[in-house]
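Colleague: what follows is a protein structure lacking sequence information:
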């Protein structure tokens, strides 16, 4: 097994170092890669029990990623990709767009300066109900509750299953099980789930402490040339809520963003909390009806001509630079839609 793993790493390094894949990609059909990030921070460990380290890239790592994108690929915007899909413009070879989900303040503090340094304009999709609010997203509160409770077990009141909480892995399993209830609900019903679990685990919610952006900070990103889009109002899984609830999440998040920014907001990012899938043909139709012109998902693949703008795939972003580059190079050859990526809670 060690030999096999080392051999694979050696082959990856040889192929990327030789530029063989980048040369071969020139003969592939035109494509763009859309990268997905969440949180960027100098000290990810401080947020292990809230945002979760799987959703945070250390700033130094993010800098290396963006340097590679700027030097070895061609940064483009989401709008340029849409013009390509409409047949109105061509894309440069090895086109890459950069996106962020949720609306964390560190996007402005740590990510935006890196993007500016390399001349990259990103797309920031914000969860509207948590911008400028005193409360944190429901999945952050749940993670905090399960990571910090002193109890050693939790009985799920909905399934009546008992989860041990004696190890970090057991707490993670219980947390993911609890997230399935938040993911299926919106607004007040979602809040009821979180409050009930916090009460059962005897944990008070964490202080917001500026973790999410304010509206002025969102406007600052927009003034700096970045795209601002919707990531729903309350971060449910849109494929598992009612048609009426989905329409509300689409429409009201769009309306509030447009009111705060004073511009049309036409781009949407699907949350992916725990449950698969995270979009359907029905959600695509609703998003079109309320006035969105694009939707990005968590399915892993390049964007090619003929792709629907309402279900655009994105790539996860491995931390290790060699893995990151290999993933981008390999994805340029990928045909069809890839697997759903890991959940984003």
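Modeller: Perfect, I can see it now. Only a predicted model underlies this, so the values are computations on that prediction, with no experimental measurement involved.
Colleague: now do the domain split for the chain, please.
Modeller: The chain breaks down into these domains under automatic domain parsing: 29-133+208-331, 138-201.
Colleague: ok, which of those domains comes nearest residue 344?
Modeller: For residue 344, the closest of the domains of the chain is domain 29-133+208-331, at 4.8 Å, according to CB to CB. (Glycine included, C-beta is placed from N, CA and C.)
Colleague: what is the burial count for the nearest residue to residue 37 once chain neighbours are set aside?
Modeller: Nearest residue to residue 37 in three dimensions, chain neighbours excluded: residue 100, at 5.0 Å (CB to CB, 6 or more residues apart in numbering). Taking other CB atoms under 10 Å as the criterion, the count of residues near residue 100 is 27.
Colleague: ramachandran coordinates for residue 100?
Modeller: Torsion angles at residue 100 (phi, psi; degrees, to the nearest 10) stand at phi -140, psi 140.
Colleague: kindly check the end-to-end length of stretch 124-134 for me.
Modeller: 21 Å (CA to CA, to the nearest Å).
Colleague: can you give me the pLDDT of residue 29?
Modeller: If you check residue 29, the pLDDT there is 82.
Colleague: could you look up the SS state of it?
Modeller: Under DSSP: H, G, I helix; E, B strand; the rest coil, the three-state class of residue 29 is coil.
Colleague: mind checking how far it is from residue 304?
Modeller: Counting by CB to CB, to the nearest Å, the separation of residue 29 from residue 304 is 6 Å.
Colleague: surely the residue nearest to residue 37 and residue 111 touch.
Modeller: Yes - shown here, residue 100 and residue 111 form a contact pair, counting by CB atoms under 8 Å, at 6.6 Å.
Colleague: between those two, what contacts are shared?
Modeller: 37, 40, 122 (CB atoms under 8 Å, 6 or more residues apart in numbering).
Colleague: in JSON lines: these, plus pLDDT, secondary structure and neighbour count.
Modeller: Shown next, in JSON lines, are the shared contacts of residue 100 and residue 111 (pLDDT from 0 to 100; DSSP: H, G, I helix; E, B strand; the rest coil; neighbours: other CB atoms under 10 Å):
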{"residue": "37", "pLDDT": "98", "secondary structure": "strand", "neighbour count": "23"}
{"residue": "40", "pLDDT": "98", "secondary structure": "strand", "neighbour count": "26"}
{"residue": "122", "pLDDT": "98", "secondary structure": "coil", "neighbour count": "25"}
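Colleague: what count of nearby residues applies to residue 160?
Modeller: Using other CB under 10 Å, residue 160 is surrounded by 7 other residues.
Colleague: which residues of this protein fall in strands?
Modeller: Under the criterion DSSP state E, strands of the chain are mapped to 31-37, 39-41, 56-58, 74-75, 95-102, 123-126, 153-155, 162-164, 227-230, 267-269, 294-296, 303-304.
Colleague: helices or strands up against the fifth one?
Modeller: This means strand 95-102. strand 31-37, helix 59-72, strand 74-75, helix 78-85, strand 123-126 (3 or more CB pairs under 8 Å, 6 or more residues apart in numbering; DSSP states H and E).
Colleague: how far away from the center of its chain is the second one?
Modeller: Spelled out, that is helix 59-72. Computed by CA atoms, centre = their mean, to the nearest Å, the chain-centroid distance of helix 59-72 equals 18 Å.
Colleague: from the contact counts, what lies against that helix?
Modeller: Partner elements for helix 59-72 (3+ CB pairs under 8 Å, 6+ apart): strand 31-37, strand 39-41, strand 95-102, helix 112-117, helix 321-331.
Colleague: for the protein, what are the low-confidence residue spans?
Modeller: Applying pLDDT under 70 to the chain flags the ranges 1-28, 336-340.
Colleague: mind checking which of the helices and strands packed on helix 59-72 is nearest residue 198?
Modeller: Each of these has some distance to residue 198 by CB to CB; the shortest is strand 95-102, at 20.4 Å.
Colleague: can you list the domains of the chain in CSV and add distance to residue 345?
Modeller: Converted to CSV, those look like this (distance: least, CB to CB, whole Å):
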stretch, distance to residue 345
domain 29-133+208-331, 5
domain 138-201, 4
